[in-house]
Every structure is written in C-alpha cells, then in structure tokens.
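Asks: need a structure here:
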Amino acid sequence: MGTRIKLMVTINASRELSAPLERVWEVVADVDNEPKYWHGTKTVKNISRSGNVIEREVTIAFRDSRCRQTVVINPKQSIDITITDGPMKGTKKILLEPEGEKTRIRVAWDIKLAGFLGMFGGMVRKHISEGTDEALERIAKAVE
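Replies: As a prediction, the model looks like this:
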C-alpha cells in the first residue's frame with residue numbers, strides 16, 4: 001500500500017483597510033459570496049444552518065476537489081472555518097480588529113494536506129498564500 005503523505009501548512013496574512021468595522025463585516029460575513037473574493041473557492045453549497053453555524057460543501061480550485069466545512073460566524077469579530085473533510089483538513093480564521101475608522105483583517109490558515117495533495121505542499125502553500133493576499137486586495141477594493 002502507498003504511504004499517505006500529510007503536510008502541515010500554516011499561513012498568516014493581514015491588511016489594514018481604510019473602512020470601518022461595520023463595512024468590512026458586511027463583506028466578510030457574507031460567506032455565501034466567498035467565491036467572489038476567494039478565487040480558490042469555486043462554489044459554496046450550504047447543507048444546514050443553525051444560528052451562527054453553517055455546514056457546507058465547498059468546491060475548491062485544486063482539481064475541483066470538494067471539502068466539507070463548518071463555519072462559525074462570530075458577529076463583527078471573526079469567521080471560523082473548520083475544514084472537516086476533503087484533500088485539506090484544518091482551519092481558516094478571519095479576524096477583524098477595529099482601529100478607529102480603519103479595520104485590520106487577519107487571516108490564519110492551519111491545515112493538513114492529505115494524500116495526493118501532500119506531494120505538492122510547496123506549490124499549495126504558495127497558491128494559498130498568494131490567494132489570501134489577492135482576496136484581501138479584493139475585499140479592500142470592495143470596502144474602501
């Protein structure tokens with residue numbers, strides 16, 4: 001039998017936005033619209049919603065792979081995404097910090113790449129890191 005390769009990937013990014021918390025939150029909290037800003041996410045299909053917790057299936061850009069996610073929305077503070085099934089497992093946290101009339105947005109990924117994806121760890125890390133920077137740029141354009 002083949003060896004299952006697992007690789008940990010941790011990425012941290014942040015950006016100061018020239019917009020108040022409420023405006024940034026409107027964009028970030030619209031998690032159904034994620035593909036508009038996060039181009040690594042191709043489609044979002046909600047399976048269930050209970051209060052501020054959403055169970056969903058997401059198709060990602062890498063080989064149109066599907067991931068299961070649990071999303072917890074903490075109003076005007078954070079979006080906590082736990083990737084529970086698929087080629088990646090782990091967490092993506094989007095944290096908002098008000099700074100007067102500006103807002104700092106922080107994104108932290110802590111994921112494991114399983115199986116086939118693990119063989120491309122460096123490439124995947126670079127792709128997620130660049131994709132995160134590009135998403136922050138798109139969010140900035142939407143709110144500023």
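Asks: count of residues packed around the closest residue to residue 61 other than its chain neighbours?
Replies: Ranked by Cβ to Cβ, 6 or more residues apart in numbering and with sequence neighbours excluded, the top spatial neighbour of residue 61 is residue 40, at 4.8 Å. For the C-beta atoms, the positions are set from N, CA and C on the backbone; glycine is no exception. Counted with other Cβ atoms under 10 Å, residues neighbouring residue 40 total 18.
Asks: and the worst-scoring helix or strand of the chain on mean pLDDT, which residues are buried?
Replies: When each helix and strand of the chain is scored by mean pLDDT, DSSP states H and E, helix 115-118 comes last, with a mean of 71. Within helix 115-118, the residues that qualify as buried are 117, 118, counting by 16 or more other Cβ atoms under 10 Å.
Asks: how about stretch 88-105?
Replies: So stretch 88-105, judged by 16+ other Cβ under 10 Å, has buried residues 88, 89, 90, 92, 93, 94, 95, 96, 103, 105.
Asks: my guess is the last one contacts residue 136. True?
Replies: Right, residue 105. Yes - the pair residue 105 and residue 136 passes the contact test of Cβ atoms under 8 Å, sitting 6.3 Å apart.
Asks: which neighbours do these two share?
Replies: Contact criterion Cβ atoms under 8 Å, 6 or more residues apart in numbering; residues shared by residue 105 and residue 136: 14, 15.
Asks: tell me which strands and helices whatever helix or strand residue 122 lives in is in contact with?
Replies: Element membership of residue 122, judged by DSSP states H and E, is helix 121-143. Judged by 3 or more Cβ pairs under 8 Å, 6 or more residues apart in numbering; DSSP states H and E, the packing partners of helix 121-143 are strand 7-17, helix 21-28, helix 34-37, strand 102-113.
Asks: can you check which of these gets nearest to residue 44?
Replies: helix 34-37 (5.6 Å; Cβ to Cβ).
Asks: please name the residues that touch residue 15.
Replies: Counting by Cβ under 8 Å, 6+ apart, residue 15 touches 104, 105, 136, 137, 140.
Asks: what does residue 61 give?
Replies: Residues near residue 61 by Cβ under 8 Å, 6+ apart: 39, 40, 41, 42.
Asks: now residue 13
Replies: With Cβ under 8 Å, 6+ apart, residue 13 has these contacts: 106, 107, 129, 132, 133, 136.
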